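Visitor: fold the following.
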Amino acid sequence: MISAAPFTYRFTAVTSDADNDPLEYTWNFGEGTTRKGNTIETFSYTVENSYTVKLSVSDKINDPVEVSITVNTKTA
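Guide: Below you'll find the model as predicted:
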């Protein structure tokens, strides 16, 4: 049996704030890991599965904005 794990992805967020407030990025990689980070994050999945990756961006003044994508690491 051949396994391609781990699967490493690089996620990039393109953001701006109308008032140029500093932004805080919270990444949820869909398998239990949450990380406060930057506009670019790298993450490795060790199990073949389908994951929903969520990014929450906040300027700590207004409500956070959230986006999500699905990452599929299944090889078969």
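
Visitor: hmm, residue 26 and residue 34 touching each other?
Guide: Yes: counting by Cβ atoms under 8 Å, residue 34 touches residue 26, with 6.6 Å between them. Where C-beta positions appear, they are placed from N, C-alpha and C, glycine not excepted.

Visitor: the two - which one has more neighbours?
Guide: More neighbours surround residue 26 than the other of residue 34 and residue 26, with 15 against 12 (other Cβ atoms under 10 Å).

Visitor: any idea how far the more buried one is from residue 64?
Guide: The spacing between residue 26 and residue 64, counted by Cβ to Cβ, to the nearest Å, is 8 Å.

Visitor: show me the common contact partners of the two, please.
Guide: 56-58 (Cβ atoms under 8 Å, 6 or more residues apart in numbering).

Visitor: just those: which are in strands?
Guide: Counting by DSSP state E, the part of the shared contacts of residue 26 and residue 64 found in strands is 56-58.

Visitor: filter the shared contacts of residue 26 and residue 64 down to the buried ones.
Guide: Neighbour counting with 16 or more other Cβ atoms under 10 Å marks 56-58 as buried within these.

Visitor: including pLDDT, could these go into JSON lines?
Guide: Listed next are these as JSON lines, based on pLDDT from 0 to 100:
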{"residue": "56", "pLDDT": "98"}
{"residue": "57", "pLDDT": "97"}
{"residue": "58", "pLDDT": "96"}
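
Visitor: not counting sequence-adjacent ones, nearest residue to residue 66?
Guide: residue 56 (4.8 Å; Cβ to Cβ, 6 or more residues apart in numbering).

Visitor: and residue 65, by the same measure?
Guide: Going by Cβ to Cβ, 6+ apart, residue 65 has residue 57 as its nearest residue, at 5.1 Å.

Visitor: measure the residue lying closest to residue 22 once chain neighbours are set aside to residue 33 for me?
Guide: In space, and not counting its chain neighbours, residue 22 is closest to residue 59: 7.0 Å by Cβ to Cβ, 6+ apart. Note on residue 59: its distance to residue 33, by Cβ to Cβ, is 24 Å.
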